[in-house]
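[1] compute the structure for the input listed below.
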Amino acid sequence: MSNYELTFLVEDPKTLKKLEEMLTSFSGKKMQEQAWGKRLLTFPIDKKTAAEYYTWNIQIAPNQLNEFKTKLNYENLLLRYLFLAQEEVPAQPKMKTVKKEVKEESQEEAEEEIK
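    Model (predicted):
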């Protein structure tokens, strides 16, 4: 199973249950949910000016994902949606420190050029 981030817009939050049932019917699992709340749309979608924004982290097989997308295209549950593939995140990411060295000579030359 692969990890994906699904961001979508719905008119009514009651449709979330139907959407989750649809995901489980394709052998997918919702791992995490983040609700952004109701926001105004930049432009009307199907004559609607506001929508509820959600982001789900899901697991679904890649071959099932295409069928799930097709099903979403024919359902009126979502106004818009976006899938993003996620890589496996290590427990502790390694951070690199970069030292920035400033040469005094180059600063003095720059100041002389300005004068």
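
[2] what does the top helix by length along the chain contact?
    Counting by DSSP state H, the longest helix found in the chain is helix 62-74. With CB atoms under 8 Å, 6 or more residues apart in numbering as the test, helix 62-74 has contacts from 2, 4, 22-23, 26-28, 60, 78, 81, 83. C-betas here are computed from N, CA, C, even on glycine.

[3] repeat for stretch 39-55
    With CB under 8 Å, 6+ apart, stretch 39-55 has contacts from 5-13, 16, 33-38, 79-80.

[4] helices or strands up against the helix or strand hosting residue 8?
    Per DSSP states H and E, residue 8 falls inside strand 2-10. Under the contact criterion of 3 or more CB pairs under 8 Å, 6 or more residues apart in numbering; DSSP states H and E, strand 2-10 touches helix 15-25, strand 29-45, strand 48-60, helix 62-74, strand 80-86.

[5] ok now the first one, how far from the chain's centre?
    By that I understand helix 15-25. 18 Å (CA atoms, centre = their mean, to the nearest Å).

[6] ok so, going back, between the longest helix of the chain and helix 15-25, how big is the angle?
    Relative orientation of helix 62-74 versus helix 15-25 (axes from the mean of the first three to the mean of the last three CA atoms, to 10 degrees): 150 degrees.

[7] so, low pLDDT: which residues of this protein?
    For the chain, the stretches with pLDDT under 70 are 88-115.
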